[in-house]
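J.: turn this into a model:
(one chain, ligands or ions: 1)
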Amino acid sequence: MTELNNRFHTIIDNIRVAENQAGMIPNSVQLLAVSKTQPAEVIRQAAEAGQRYFGENYLQEALIKINSLKDLKIEWHFIGPIQSNKTKDIAANFDWVQTVDRLKIAQRLDNQRPSSRGKLNICIQVNIDNESSKSGIAATELFELAKQISQLNNLQLRGLMIIPTHTDDPLQQQRSFHLAHMLFKQLAEIYPSIDTLSMGMSGDMAMAIAEGSTMVRIGTAIFGIRHT
Ligand SMILES: *Cc1c(COP(=O)(O)O)cnc(C)c1O
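T.: Numbering: from 1, shown residues only. Next comes the predicted model:
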């Protein structure tokens, strides 16, 4: 087994253990492999090991990889900041966009989604810790944006995505995850299409799952340290 295979299976095992400890249904937490800066051959290796969902942050880099891996059944998630001039290529090439935080971007994705590709799955990114420099909508504005997005025909509102403040204080981290989970549950009561709470990365995966994450986004723990 290659090193990538080992790391991949370790992560899967860790997710299953965390699900179990959190009392969640087995296999209810999805693994999004964050493959930014990784070459297409490495993604192919991970796909051959059984991984199906991949997350990319940088559009130009992603388009090259998506194109060269067309023979594989991969579901691509866009997880980087979105500028309006990028929405057309994102709408045409991705299956999910997890970083929608304003109506204008949602409207453009809706207009530009090719009908042949079906609905584009959307997570709203919430700035859960109210950081001034961070992308994401304020929790107080979330419900209005969700309502507007739910009315766009070519988008399917699937849930929320959060990146909490980097902190060494586990209690603060837990509070952020907990708040995100509360917002997620409230929204899911209004919109039946909502089933995804994307939170947790390599360093905080177990706590995120304990607090109700349904999708963890893992980069370095699968692929190793990024060199760029
Ligand atoms: C890079 C990235 C990740 C993965 O981070 P790791 O620490 O490498 O697991 C998750 N989510 C987003 C939005 C990222 O940009």
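
J.: could you identify the longest helix within this protein?
T.: helix 170-190 (DSSP state H).

J.: what does that one contact?
T.: Contacts of helix 170-190 with the rest of the structure, by Cβ atoms under 8 Å, 6 or more residues apart in numbering, involve 126, 128-129, 139, 142-143, 146, 159-160, 162, 164-165, 167, 194-195, 197, 199-200, 204, 207-208, 211-213. Every C-beta, even on glycine, is put in place using the N, C-alpha and C of the backbone.

J.: what about the helices in the protein?
T.: Using DSSP H, helices in the chain cover 3-21, 40-48, 59-68, 87-93, 103-112, 139-150, 170-190, 205-210, 220-223.

J.: what's the most buried one of those?
T.: Comparing the helices of the chain by mean neighbour count (mean count of other Cβ atoms under 10 Å), helix 205-210 comes out on top with a mean of 22.

J.: that one close to the ligand?
T.: No - on the criterion Cβ under 6 Å from any ligand atom, helix 205-210 is out of touch with the ligand, staying 8.1 Å away.

J.: gap between that helix and the chain center?
T.: When C-alpha coordinates are averaged (Cα atoms, centre = their mean, to the nearest Å), helix 205-210 and its chain have centres 15 Å apart.

J.: what is that helix packed up against?
T.: Applying 3 or more Cβ pairs under 8 Å, 6 or more residues apart in numbering; DSSP states H and E, one finds that helix 205-210 contacts helix 3-21, helix 170-190, strand 215-218.

J.: and the ligand, which of those is closest to it?
T.: Nearest to the ligand, of all the helices and strands packed on helix 205-210, is strand 215-218, at 3.6 Å by Cβ to the nearest ligand atom.

J.: pull the CA atoms of that closest one into PDB?
T.: Provided in PDB are the C-alpha atoms of strand 215-218 (Å, rounded to 0.1, in the frame of the first residue of the first chain):
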ATOM      1  CA  MET A 215     -18.900  16.700   5.900                       C
ATOM      2  CA  VAL A 216     -15.300  17.100   6.900                       C
ATOM      3  CA  ARG A 217     -12.800  18.800   4.500                       C
ATOM      4  CA  ILE A 218      -9.500  17.100   4.800                       C
END
